[in-house]
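# Pasting the sequence and the predicted model now:
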Amino acid sequence: MDAKVPIIAALVVHQVLRRYETYTFSFYPLALLAPPLLILFLPFHNGYGPAPTLGAFLQCLALYLATLAASIAAYRLSPFHPLARYPGPFLGKLSGFWMAYVSTGGRQQHYLKALHDRYGDVLRIGPNTVVIRKSSTANTLIGGAGLPKGPQQLGRFLSDRNLAMIALQDTELHIQRRRAWNRGLSPAALKGYEDQIAKRAGQLVSKIEEHKGEKEVLLDHWFGYFTYDFMSDMAFGGGTGDMLSGKGDTSFWTGLERSARNATFFGHVPWFGVLLGRIPFLMSGSKDFLGKCKDSAARRLQRGSVTRDLFHYLNHEDVQDSKHPRPPFQQLVSDGILAMVAGSDTVASTLTSLFACLFAHPEVYEKLQEEVDKYYPPGEALHTKHHRDMHYLTGVINETMRIFPAVPNCTQRQVPKTGDGITVDGVYLPPGTAFWMNAYSMQTDAHNFSPSPSAFLPERWLPPSDARALCHGPGYVHNEAAFMPFSIGPMNCVGKALALQEMRTVMCGILQRVRLRPVEGWQLADYDRGFKDYFVTVRGELPAVVEVRAGRA
Ligand code: HEM
């Protein structure tokens with residue numbers, strides 16, 4: 001047998017694969033099987049004889065695939081790879097499946113932080129993927145004129161078609177789509193959601209109150225029900241959210257958790273997620289969940305606009321002119337799914353972490369209680385007018401999101417495949433490099449927040465005029481450029497203001513009426529262990545004891 005032919009074919013195909021990336025399903029079997037078949041049947045002398053047998057084909061295929069795999073591995077590990085300068089796990093350099101595997105444990109934020117502490121600010125965690133902890137690069141890379149989105153979301157949504165806004169890699173398309181979202185989450189639109197938030201927050205507090213005298217109430221569950229019900233009011237004008245009343249279907253949360261684990265995995269190998277997403281009987285759990293979200297969006301579209309909900313803006317019902325034609329149905333469905341996933345879990349996670357931090361720091365709870373009592377005495381309605389003066393509450397929320405960010409790895413961007421790549425503050429990213437700004441590592445790095453970067457100190461965030469502010473003394477560092485729980489730039493979290501408004505309203509509502517305590521033996525360390533980064537965060541239960549405050553029921 002002439003071994004040279006399949007070996008040369010494999011080396012050529014490797015070069016094609018390096019340059020040509022596709023999510024077309026048929027491409028992969030073609031790239032893997034067609035060259036050995038061609039070699040056997042092409043009329044030139046191939047060394048396999050005039051009538052090739054199955055054995056000859058298998059021999060040729062094995063040699064071809066082994067050479068292809070060896071060539072890919074050798075290139076990825078070689079000093080000639082454009083990312084060779086960056087340290088990282090050996091298996092990560094070899095394949096995206098390494099980080100996909102690590103992510104299944106839910107502790108990738110801690111894994112990456114440990115690697116950053118060991119190797120430095122830029123790590124190579126995939127063949128063409130890095131993760132960055134250097135805040136001085138953030139503005140250029142993901143700020144105002146930052147780089148386009150990376151491919152991770154295609155894997156997470158198991159599709160490269162009918163994408164939700166968060167997954168759009170074409171910046172122009174993203175800007176266009178984002179306009180409607182910006183209108184739907186503008187300060188004026190937020191004013192319109194204020195009563196709904198206050199109503200749902202009041203309902204939540206009443207539900208928590210009902211548990212007084214009982215052994216415990218699971219706060220994480222109730223926060224989940226609150227965010228789901230509110231998001232369905234806010235996004236779809238109501239009609240689907242009924243969890244707080246105890247009547248709703250809670251399978252949204254089980255579905256989300258199950259599909260989130262898959263989503264994390266496929267975010268590291270997006271091409272694989274897209275391929276599996278095309279196979280009808282696979283990934284049924286994730287597809288069922290996406291299907292349920294689709295149904296909510298479809299029902300809302302059929303019903304039409306009753307209130308000025310988010311769909312009112314996404315469907316361009318607020319701008320009836322020829323420049324704003326109605327978007328295709330599938331686009332609305334994808335963005336509806338995005339609203340439910342991005343808007344529910346993140347806020348539920350942060351509210352749960354907020355109380356976990358307060359339980360672990362009773363002195364902080366006391367100070368926050370004082371501030372809430374000052375602005376929201378008994379009977380004071382849960383409107384937003386005091387929020388901006390509540391600096392301690394802001395400090396508590398920021399400090400919680402610093403240590404327990406609901407999206408620990410921020411999000412992915414990618415350097416365009418054509419051009420020279422980009423250099424910023426000594427970090428060179430070659431064309432095609434996908435990268436994450438690692439929020440968790442940045443926010444807990446002593447170079448950005450000192451003293452005690454892992455300690456919960458809301459005083460870090462107080463304005464210098466406040467006597468309690470922690471802003472002097474040797475070794476004090478407070479680098480807000482490294483604080484990005486909502487990401488930054490024009491593709492950051494469009495729901496940031498809404499999320500803060502929800503969280504402030506709920507915190508004020510709860511502290512105004514009840515006193516919550518952790519159950520006997522509860523430890524923050526246990527909560528931390530159960531806090532898993534599965535694209536959205538999965539957290540352990542947060543049981544609490546409820547006491548109604550005198551004169552507040
Ligand atoms: C504590 C709460 C929240 C946190 C920590 C959070 C965090 C994030 C982060 C880190 C991103 C990625 C941004 C990027 O790609 O650079 C994001 C995107 C997004 N978030 Fe949030 N989020 C929260 C709440 C919300 C809420 C309430 C909504 C309401 C609908 C929302 C809607 C979105 C949307 C639509 C995107 C995609 C933005 C785009 O691609 O332009 N988020 N969020």
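Arrived safely, thanks for sending.
# Distance from stretch 369-385 to the middle of the chain?
Between the centre of stretch 369-385 and the centre of its chain there are 32 Å (C-alpha atoms, centre = their mean, to the nearest Å).
# And the contacts of that stretch?
194, 197-198, 201-202, 386, 389-390, 392-393, 501, 504-505, 507-509, 511-512, 551-552 (C-beta atoms under 8 Å, 6 or more residues apart in numbering). Quick note: C-beta positions are derived from backbone N, CA and C, even for glycine.
# what domains does the record give for the chain?
4-77, 165-548 (automatic domain parsing).
# want to try TSV for those, with mean neighbour count and mean pLDDT as columns?
As requested, the domains of the chain are arranged in TSV below (neighbours: other C-beta atoms under 10 Å; pLDDT from 0 to 100):
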stretch	mean neighbour count	mean pLDDT
domain 4-77	15	82
domain 165-548	18	89
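# is it possible to export those to CSV including distance to the ligand?
Below are the domains of the chain laid out as CSV (distance: least, C-beta to the nearest ligand atom, whole Å):
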stretch, distance to the ligand
domain 4-77, 20
domain 165-548, 2
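# any chance of those in CSV, with distance to S103 too?
Listed next are these as CSV, based on distance: least, C-beta to C-beta, whole Å:
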stretch, distance to S103
domain 4-77, 20
domain 165-548, 4
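# Minimum distance to T104: which of these has it?
T104 lies closest to domain 165-548 among the domains of the chain, at 6.1 Å (C-beta to C-beta).
# Relative to the whole chain's centre, how far out is the closest one?
Offset of domain 165-548 from its chain centre (C-alpha atoms, centre = their mean): 10 Å.
# measure that domain end to end?
Its start and end residues considered, domain 165-548 measures 43 Å (C-alpha to C-alpha, to the nearest Å).
# Next step: the contacts of stretch 369-385 restricted to strands.
With DSSP state E as the criterion, strands contain none of the contacts of stretch 369-385.
# can you tell me which of these are in helices?
Those of the contacts of stretch 369-385 mapping onto helices are 194, 197-198, 201-202, 392-393, 501, 504-505, 507-509, 511-512, per DSSP state H.
# is it true that D533 lies in a strand?
Yes - counting by DSSP: H, G, I helix; E, B strand; the rest coil, D533 is part of a strand.
# Wait, it touches V102, no?
No - if you go by C-beta atoms under 8 Å, D533 and V102 don't touch, sitting 10.4 Å apart.
# Check the contact lists of these two and give me the overlap.
With contacts defined as C-beta under 8 Å, 6+ apart, the residues shared by D533 and V102 are Q108.
# dump the residue contacts of the closest residue to P127 other than its chain neighbours.
Distances taken as C-beta to C-beta, 6 or more residues apart in numbering place R76 nearest to P127, at 4.7 Å, with adjacent residues excluded. R76 is in contact with 93-95, 127, counting by C-beta under 8 Å, 6+ apart.
# the strands in the stretch 201-350 of the chain, which residues?
With DSSP state E, counting those that start in this stretch as the definition, the stretch 201-350 of the chain shows strands at residue ranges 217-218.
# those helices in it, which residues are they?
219-236, 251-268, 270-278, 284-303, 310-314, 329-360 (DSSP state H, counting those that start in this stretch).
# need the ones you listed in TSV with distance to L168, can you?
Output for these, formatted as TSV (distance: least, C-beta to C-beta, whole Å):
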stretch	distance to L168
helix 219-236	19
helix 251-268	16
helix 270-278	14
helix 284-303	17
helix 310-314	14
helix 329-360	10
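# can you tell me which of those comes nearest to Y428?
Proximity to Y428 (C-beta to C-beta) singles out helix 251-268 among those, at 22.7 Å.
# What helices and strands are in contact with the closest one?
Packed against helix 251-268 by the contact rule (3 or more C-beta pairs under 8 Å, 6 or more residues apart in numbering; DSSP states H and E) you find helix 97-103, helix 152-156, helix 219-236, helix 270-278, helix 284-303, helix 329-360, strand 532-534, strand 536-538.
# In terms of secondary structure, what does the fourth one contact?
Spelled out, it's helix 270-278. Counting contacts by 3+ C-beta pairs under 8 Å, 6+ apart, helix 270-278 is packed against helix 152-156, helix 251-268.
# hmm, try it at 7 Å
Taking 3 or more C-beta pairs under 7 Å, 6 or more residues apart in numbering; DSSP states H and E as contact, the helices and strands that helix 270-278 lies on are helix 152-156.
# quick one: contacts of the helix or strand just after the helix it packs on?
Moving toward the C-terminus from helix 152-156, the next helix or strand (DSSP states H and E) is helix 171-184. Identification of contacts with helix 171-184 by C-beta atoms under 7 Å, 6 or more residues apart in numbering yields 148-149, 165, 168, 189, 310, 313-314, 316, 318, 491, 494.
# got the contact list for V122?
86, 130, 132, 134, 427.
# doesn't D121 make contact with the fourth one?
Yes - between K134 and D121 a contact is recorded at 4.2 Å, counting by C-beta atoms under 7 Å.
# one step back: out of the contacts of R76, which is most surrounded?
Comparing these by number of neighbours (other C-beta atoms under 10 Å), K93 comes first, having 23 neighbours.
# What separation is there between that one and the ligand?
25 Å (C-beta to the nearest ligand atom, to the nearest Å).
# For Y428, pull up the helix or strand it's in.
Here Y428 sits within strand 427-429, counting by DSSP H and E.
# In contact with A482, which residues?
So A482 contacts 135, 442-443, 445, 448 (C-beta under 7 Å, 6+ apart).
# From those, which land in helices?
Among the contacts of A482, the members found in helices (DSSP H) are 442-443.
# what's the farthest-apart pair in the contacts of A482?
Spatial extent of the contacts of A482 (C-beta to C-beta) is set by the pair S135 and Q443 at 9.3 Å.
# Quick check: closest non-adjacent residue to M437.
Spatially, and ignoring its direct neighbours in sequence, M437 is nearest to C410 (4.7 Å; C-beta to C-beta, 6+ apart).
# For L32, find the nearest of the helices and strands packed on helix 251-268.
For the helices and strands packed on helix 251-268, the distance to L32 is smallest for helix 270-278, at 12.5 Å, taking C-beta to C-beta.
# contacting residues around that closest one?
By C-beta under 7 Å, 6+ apart, the residues outside helix 270-278 that reach it are 23, 25, 28, 151-152, 154-156, 158-160, 266, 282-283.
# if we take these, which one ends up nearest to I8?
Closest to I8, out of all of the contacts of helix 270-278 and judged by C-beta to C-beta, is Y28, at 20.7 Å.
# how near is R460 to G419?
Taking C-beta to C-beta, to the nearest Å as the measure, R460 falls 40 Å from G419.
# To clarify, my last question referred to F230.
Noted for F230: a distance of 43 Å to G419, by C-beta to C-beta.
# same question, L61
L61 sits at a distance of 37 Å from G419 (criterion: C-beta to C-beta).
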